[in-house]
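Peer 1: Sequence and predicted structure, then a few things I'm wondering about:
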Amino acid sequence: MGIDACPDGGTVSVSNGTYTGASNKNLSWSGKHIAVKSINGHSNCIIDCQNSGRGFNFDNTGQNNTDIISGFTIRNGYVTGSWPANCGGGILCWYYSSPSIKYSDFWNNTPNDGWSGGLGNIYVDPQFIGGGDYHLKPTSPCIDSGSNSPVSVSTDLDGNQRKVDGNSDGTATIDMGAYEYQGAWIFISPQSGQVGTIVIVEGENFATQTQVSISFGTHQTITTITSSVNSTFSATFIVPEQPSGTKVITAIDSEGNLATYAFILLPPTFLKIVPSSNLIAKNQEFDVDVKIEDVRDMAAAETLLAFDPSILEVLSITNGSFPSGAGIVKNYNNTTGSIYYFAGLFTGSATGSDVLCSITFRVKAEGESIIKFDFDEEANRKTLFIEKNNVVPEIIGDEAKIEVIPSVSILLQKRKCCRLKKL
């Protein structure tokens with residue numbers, strides 16, 4: 001085999017695979033100093049002792065630090081007998097044998113005793129995806145456990161970036177194994193909005209064909225979706241009722257891959273009719289303002305109002321100061337008691353709070369009329385706002401109550417005037 005044929009000072013390069021059987025365990029050499037290295041790291045080069053024997057057996061064979069074992073997983077070793085033969089279920093170094101062991105994983109070996117050193121070695125389950133897939137799970141101890149010096153390649157076997165901060169500690173360190181854990185990530189669109197906004201969540205580097213649960217703020221598992229064979233997914237959900245502020249969208253799959261993204265939940269847009277109540281005498285005229293509050297990046301506003309035409313009639317509609325430079329369409333119908341006002345920007349958008357329009361009414365008869373925001377089913381029109389081509393989902397509109405009272409007559413009382421006589 002390769003170890004026997006390798007000359008002094010040479011290197012044995014071991015290909016990917018899981019090695020079993022008598023010829024692939026209890027390995028040793030003497031009378032020379034060589035290096036035995038896997039080509040693609042311990043996650044792809046496994047010595048499975050199948051609960052009989054150990055991976056390497058150095059008993060008075062004279063290894064020193066020029067003898068190198070690097071990049072292997074040695075598992076399921078099992079030895080018994082008298083001391084020292086009953087030591088080192090994975091590897092035995094005895095009686096002046098001290099090779100350099102690097103970047104390897106020893107796990108599920110019996111006994112597991114005596115030595116826990118070496119550069120970049122671990123002694124636990126590497127937590128591969130499994131089923132012949134040697135990519136790392138997000139909880140793998142191999143993540144960021146390698147060495148950045150020297151690193152001769154910039155990509156892993158998948159062609160992905162080789163040095164990634166997989167454990168999010170702020171330092172990108174190469175992983176043990178042939179596949180660099182890239183970490184799951186998500187992207188959302190839009191990244192801000194109100195209650196009722198439709199959000200698209202796209203994810204990559206999740207486990208293949210597994211359930212991904214998506215949470216929003218305090219709303220756990222707002223939706224679920226199955227990832228594709230390419231470890232990607234795309235899901236949508238509607239923003240639920242929650243207090244405004246920064247919310248965290250979390251996506252996690254059944255393998256523990258997790259990614260988050262911040263979403264800014266904006267307060268609702270308010271429409272107000274000012275004043276909200278008024279006592280008006282018959283035949284008088286009065287004005288009301290339609291005011292918008294807390295709108296962001298508004299491209300257009302369409303407003304419908306309804307009133308009681310037996311009580312009130314519209315005399316005129318005056319353009320408001322917001323949004324500045326908008327194209328205006330406006331009309332009213334005193335027969336049906338309806339008002340339509342549209343303001344749209346040709347370019348850009350408007351943010352803030354101000355008056356959309358002012359309406360002058362005249363009182364026709366005594367009684368009470370509610371001025372309210374309305375929906376015209378026949379014309380398929382409703383009060384809405386558009387922010388950068390997205391309809392604002394949450395608009396809270398306040399009504400106004402106009403109460404007409406009888407005209408008040410003011411009578412002037414006649415008084416006698418007397419002239420003071422000068423004494």
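Peer 2: Ah, there it is.
Peer 1: how many other residues sit next to residue 364?
Peer 2: Using other Cβ atoms under 10 Å, residue 364 is surrounded by 17 other residues. The C-beta positions use only the backbone N, C-alpha and C, and glycine is treated the same way.
Peer 1: which ones are touching the residue sitting nearest the centre point of the chain?
Peer 2: Residue closest to the mean C-alpha point of the chain, counted by Cα atoms, centre = their mean, is residue 261 at 2.7 Å. Neighbour list for residue 261: 186, 187, 188, 191, 201, 248, 249 [criterion: Cβ atoms under 8 Å, 6 or more residues apart in numbering].
Peer 1: which residues does the fourth one contact?
Peer 2: The one in question is residue 191. Contacts of residue 191 (Cβ under 8 Å, 6+ apart): 261, 262, 263, 264.
Peer 1: rerun at 7 Å
Peer 2: 263, 264 (Cβ atoms under 7 Å, 6 or more residues apart in numbering).
Peer 1: Please tell me how far it sits from residue 168.
Peer 2: Noted for residue 191: a distance of 21 Å to residue 168, by Cβ to Cβ, to the nearest Å.
Peer 1: ok, residue 238 to residue 313 distance?
Peer 2: Using Cβ to Cβ, residue 238 is found at 41 Å from residue 313.
Peer 1: In terms of neighbours, single out the busier of the two.
Peer 2: When residue 238 and residue 313 are compared for neighbours, residue 313 comes out ahead with 17 against 13, by other Cβ under 10 Å.
Peer 1: Touching, the more buried one and residue 364? I think so.
Peer 2: Yes. If you go by Cβ atoms under 7 Å, residue 313 and residue 364 touch, sitting 5.6 Å apart.
Peer 1: about what we covered before: how much space between the residue nearest to the centre of the chain and residue 186?
Peer 2: Residue 261 is 5 Å from residue 186, by Cβ to Cβ.
Peer 1: Same question for residue 194.
Peer 2: 21 Å.
Peer 1: Residue 330 too?
Peer 2: Counting by Cβ to Cβ - residue 330 and residue 186 are separated by 44 Å.
Peer 1: Looking at these two, which has the bigger crowd around it?
Peer 2: residue 186 (21 against 16).
Peer 1: which SS state does the more buried one fall under?
Peer 2: strand (DSSP: H, G, I helix; E, B strand; the rest coil).
Peer 1: for the stretch 51-200 of the chain, which spans come out with low pLDDT?
Peer 2: Across the stretch 51-200 of the chain, the ranges flagged by pLDDT under 70 are 113-117, 150-152.
Peer 1: please redo it, this time with the cut-off set to 80
Peer 2: 60, 84-85, 95-96, 112-120, 123-124, 129-134, 138-139, 145-153, 166-170, 177-178 (pLDDT under 80).
Peer 1: swap in the stretch 251-400 of the chain?
Peer 2: Checking the stretch 251-400 of the chain against pLDDT under 80 turns up 269-270, 296, 374-400.
Peer 1: can you map out the helices along it?
Peer 2: Secondary structure of the stretch 251-400 of the chain (DSSP state H, counting those that start in this stretch): no helices located.
Peer 1: Does residue 3 lie in a helix or a strand, and which?
Peer 2: Assigned by DSSP states H and E, residue 3 falls within helix 2-5.
Peer 1: Convert the C-alpha atoms of the helix or strand that that helix is followed by to CSV, please.
Peer 2: Going down the chain from helix 2-5, the next helix or strand is strand 11-14, by DSSP H and E. C-alpha atoms of strand 11-14 as CSV (Å, rounded to 0.1, in the frame of the first residue of the first chain):
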residue,chain,number,x,y,z
THR,A,11,4.1,12.1,1.4
VAL,A,12,1.2,9.8,1.0
SER,A,13,-1.9,11.6,-0.3
VAL,A,14,-5.1,9.9,0.5
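Peer 1: just the contacts of residue 261 now: which is nearest residue 373?
Peer 2: residue 191 (28.8 Å; Cβ to Cβ).
Peer 1: so how far is residue 200 from the closest one?
Peer 2: From residue 191 over to residue 200 the distance is 11 Å, taken as Cβ to Cβ.
Peer 1: circling back to that earlier point, mind saving the C-alpha coords of the helix holding residue 3 as CSV?
Peer 2: Extracted C-alpha coordinates of helix 2-5, given in CSV (Å, rounded to 0.1, in the frame of the first residue of the first chain):
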residue,chain,number,x,y,z
GLY,A,2,1.0,3.7,-0.2
ILE,A,3,2.6,3.8,3.3
ASP,A,4,4.9,0.9,2.6
ALA,A,5,5.9,2.2,-0.8
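Peer 1: quick one: contacts of that helix?
Peer 2: 12, 27, 29, 36.
Peer 1: again, only this time at 8 Å
Peer 2: Contacts with helix 2-5, where a contact means Cβ under 8 Å, 6+ apart, come from 12, 14, 27, 29, 34, 36.
Peer 1: Quick one: neighbours of the second one, just the number.
Peer 2: Translated: residue 14. 21.
Peer 1: how close does it sit to residue 6?
Peer 2: 11 Å.
Peer 1: returning to what we had before: give me the distance from the helix holding residue 3 to the chain's centre.
Peer 2: Put simply, helix 2-5 sits 52 Å off its chain's centre (Cα atoms, centre = their mean, to the nearest Å).
Peer 1: what is the mean pLDDT for that helix?
Peer 2: Per-residue pLDDT values over helix 2-5 give a mean of 89.
Peer 1: Give me the common contacts of residue 261 and residue 186.
Peer 2: 201, 249.
Peer 1: How about the contacts made by residue 107?
Peer 2: Contacts of residue 107 by Cβ under 8 Å, 6+ apart are 73, 75, 122, 123, 124, 125, 126.
Peer 1: What about those, which are in helices?
Peer 2: Using DSSP state H, no member of the contacts of residue 107 sits in helices.
Peer 1: ok, the residues you listed vs residue 232, which is closest?
Peer 2: For the contacts of residue 107, the nearest to residue 232 is residue 126 (24.8 Å; Cβ to Cβ).
Peer 1: Would you mind splitting this protein into its domains for me?
Peer 2: Annotated domains of the chain cover 2-107, 185-265, 269-405 [automatic domain parsing].
Peer 1: Let me know which of those is the nearest to residue 148.
Peer 2: domain 2-107 (12.3 Å).
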